[in-house]
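Q: sharing a model prediction with you, sequence too.
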Amino acid sequence: MKNILSIVLLGLSAFTFAQDQMISFNQLPQKGQKFINTYFNSKNVSAVTLDKDYFSKDYEVILKNGTKIEFDGSGNWTEVDGKRNTIPTGFAPDKIVAYVKKSFPQTSIIKIEKNKYSYEVELSNGLDIDFDGKGNFVKIDD
């Protein structure tokens with residue numbers, strides 16, 4: 001019984017101590033800094049936060065236009081959300097960009113999320129499109 005109680009308390013303390021911390025752009029991992037400089041320009045960075053707990057850490061960058069970019073603990077992008085604004089697509093898989101251009105030529109990508117085995121893309125017309133980890137079309141969610 002003592003062991004179970006200890007495990008529960010440890011789990012609760014992990015949530016208690018997890019918190020967002022404001023950091024400088026220079027404290028973002030190098031991969032994340034390079035990503036921002038390549039696709040967005042670091043002069044447009046408004047805020048950088050570190051979400052750290054016992055098991056992981058993630059970073060969030062907010063740009064002056066409201067765009068939100070999330071990175072994992074190594075600085076790999078996991079989500080780019082333009083908040084209804086078009087985002088650059090140079091970092092997205094070519095198959096995804098080509099599919100969107102061909103199938104929805106009057107739209108643009110406003111959000112892309114990279115999961116372990118898939119991508120989720122939101123278009124300016126409100127459609128959500130799912131792709132597999134290789135960038136192949138899976139389905140459209142409206």
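A: Ah, there it is.
Q: nearest residue to the middle of this protein?
A: For the chain, the residue nearest the mean C-alpha position is Glu79 (1.7 Å; CA atoms, centre = their mean).
Q: let me see the domain layout of this structure.
A: Domain assignment of the chain by automatic domain parsing yields the ranges 15-84, 86-142.
Q: can you list the ones you listed in CSV and add mean pLDDT?
A: What follows is those, written out as CSV (pLDDT from 0 to 100):
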stretch, mean pLDDT
domain 15-84, 93
domain 86-142, 96
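Q: what's across from the nearest residue to Asp141 once chain neighbours are set aside in the sheet?
A: Of all residues not flanking Asp141 in the chain, Asp128 sits nearest, at 4.1 Å (CB to CB, 6 or more residues apart in numbering). Where you see a C-beta, it was placed from the backbone N, CA and C, and this is true even at glycine. Beta bridges link Asp128 to Glu122, Asp141, judged by DSSP bridges.
Q: Asp128 touches Glu120, doesn't it?
A: Yes: using CB atoms under 8 Å, Asp128 and Glu120 qualify as a contacting pair, with a distance of 6.4 Å.
Q: quick one: the strands in the protein, in order.
A: With DSSP state E applied, the chain shows strands at 19-23, 45-52, 57-63, 68-71, 77-81, 109-114, 118-123, 128-132, 137-141, listed in chain order.
Q: buried sites along the fourth one?
A: Put plainly, it is strand 68-71. Under the neighbour-count criterion of 16 or more other CB atoms under 10 Å, strand 68-71 has 69-71 buried.
Q: between those residues, which sits nearest Val97?
A: The shortest distance between Val97 and any of these, using CB to CB, involves Ile69 and amounts to 17.7 Å.
Q: residues contacting that closest one?
A: Ile69 makes contacts with 35-36, 40, 60-63, 77, 79-81, as judged by CB atoms under 8 Å, 6 or more residues apart in numbering.
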